[in-house]
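Visitor: For reference, the sequence and a predicted model appear below.
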Amino acid sequence: MSELKKSTRTSFAEAIVEVGEKNPDVVTVAADSASRYGDFIKKFPERSFNVGIAEQTMVSVAAGMALCGKIPVVTSYANFLAFRAAEQIRVDVAGSKLNIKLIGTDTGFSSAWLGFTHLALEDMGVIRTIPGIVIIDPADAAEAYAATKAIFEYNGPVYMRLRGRKEEPVIFDKKKDFKIGKGEVIKEGKDALIIACGNAVYDSLKASEILQSRGIRVTLVNMPTIRPLDEDLLLELTSSVDNIITVEHHNTTGGLGSAVAEFLTEKRPQIRQLRLGVKNRFGTAGSEDMLKKGFGLDGESIAISIENFLKNRTK
């Protein structure tokens, strides 16, 4: 793991400028959140639009632009985008399969002290109920950069989660290639399989190190695309393991854990699964470290949950 720290929002802003330089059809639409686009609005003011605090309008304006051949990018706090504009995303974007990139920011616990209204812990569940939208939750800044480039090579609606302004540890040392619908094994072990997305990959990596010190070796998979899931990788890895754990900074209903469980229920019904995430609760105000610990999603808490899960397995 690199010692560097960088925010996913910063990487997104860098990548969107590079994409815009190469593709004049890329336009940005903001709901009073234009700063998330970094230097794009300075370099391309004629392709930058701000509708004010009106997420529903933002999405519908973007839909009109897409129908005219543009490739719009919209961004706002994930909660406001996913909940306030759900109807517009469903009808205007997904219903017509428009080539629009929806960027929900400040996901998971990254809104910290802003509390319940801003902590995005249910946004993937909302978007997953709408057919045809790719859903991406990058693990770190390097992956966010590569994923931003990749979503413009895909013709269709995409919802990508980013976290806040705070710099976070960079897991991947370089700006790697990103393929929609592909997961990757970042650590191998025989005792259990952990599948994580977003910032939970870092905490799961810390948990795997703690478990290793206790004699438990796990395989850890970074699964940045929640839809479409990497079903081939899941089938391959679950052919030789009986216990899997999903970890996400999201409600256990509707996110990564649900997606994996829905798939494996049909394909690998014998698998035991532990879904770690927020369980039927709303977020609250606090520092990220406080919230992760309080919801049992810091490295130590994840390790304890997995250890107990493995101890209690049935013969």
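Guide: Thanks, I have it.
Visitor: Could you use CA atoms for every contact and neighbour count after this?
Guide: Will do.
Visitor: From residue 274, how far off is the closest residue to residue 216 other than its chain neighbours?
Guide: Spatial nearest neighbour of residue 216, excluding adjacent residues (Cα to Cα, 6 or more residues apart in numbering): residue 191 at 6.3 Å. Here residue 191 is placed at a distance of 14 Å from residue 274 (Cα to Cα, to the nearest Å).
Visitor: neighbour count winner among those two?
Guide: The neighbour count for residue 191 versus residue 274, taken as other Cα atoms under 10 Å, is higher for residue 274 (18 against 15).
Visitor: rewinding a little: pull up the overlap in contacts between residue 191 and residue 274.
Guide: residue 243 (Cα atoms under 8 Å, 6 or more residues apart in numbering).
Visitor: Show me what counts as buried in stretch 214-229.
Guide: The neighbour-count check on stretch 214-229 (16 or more other Cα atoms under 10 Å) flags 216-229 as buried.
Visitor: Ok, stretch 19-36 next?
Guide: Using 16+ other Cα under 10 Å as the burial criterion, the residues of stretch 19-36 that qualify are 19-20, 25-34, 36.
Visitor: ok, now stretch 252-266?
Guide: The neighbour-count check on stretch 252-266 (16+ other Cα under 10 Å) flags 252-261, 264 as buried.
Visitor: Could you dump the buried residues of stretch 214-229 into JSON lines with distance to residue 236, pLDDT and secondary structure added?
Guide: Converted to JSON lines, these look like this (distance: Cα to Cα, whole Å; pLDDT from 0 to 100; DSSP: H, G, I helix; E, B strand; the rest coil):
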{"residue": "216", "distance to residue 236": "21", "pLDDT": "96", "secondary structure": "coil"}
{"residue": "217", "distance to residue 236": "18", "pLDDT": "96", "secondary structure": "coil"}
{"residue": "218", "distance to residue 236": "15", "pLDDT": "97", "secondary structure": "strand"}
{"residue": "219", "distance to residue 236": "12", "pLDDT": "97", "secondary structure": "strand"}
{"residue": "220", "distance to residue 236": "14", "pLDDT": "98", "secondary structure": "strand"}
{"residue": "221", "distance to residue 236": "12", "pLDDT": "98", "secondary structure": "strand"}
{"residue": "222", "distance to residue 236": "15", "pLDDT": "98", "secondary structure": "strand"}
{"residue": "223", "distance to residue 236": "14", "pLDDT": "98", "secondary structure": "coil"}
{"residue": "224", "distance to residue 236": "18", "pLDDT": "98", "secondary structure": "coil"}
{"residue": "225", "distance to residue 236": "17", "pLDDT": "98", "secondary structure": "strand"}
{"residue": "226", "distance to residue 236": "17", "pLDDT": "98", "secondary structure": "strand"}
{"residue": "227", "distance to residue 236": "18", "pLDDT": "98", "secondary structure": "strand"}
{"residue": "228", "distance to residue 236": "16", "pLDDT": "98", "secondary structure": "coil"}
{"residue": "229", "distance to residue 236": "13", "pLDDT": "98", "secondary structure": "coil"}
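Visitor: Check whether residue 108 really touches residue 250, as I assumed.
Guide: Yes: at 6.0 Å, residue 108 counts as touching residue 250 under the criterion of Cα atoms under 8 Å.
Visitor: Looking at these two, which is more packed in?
Guide: Between residue 108 and residue 250, residue 108 has the larger neighbour count (other Cα under 10 Å), namely 31 against 28.
Visitor: which residues touch the more buried one?
Guide: Residue 108 is in contact with 119-121, 163, 249-250, counting by Cα under 8 Å, 6+ apart.
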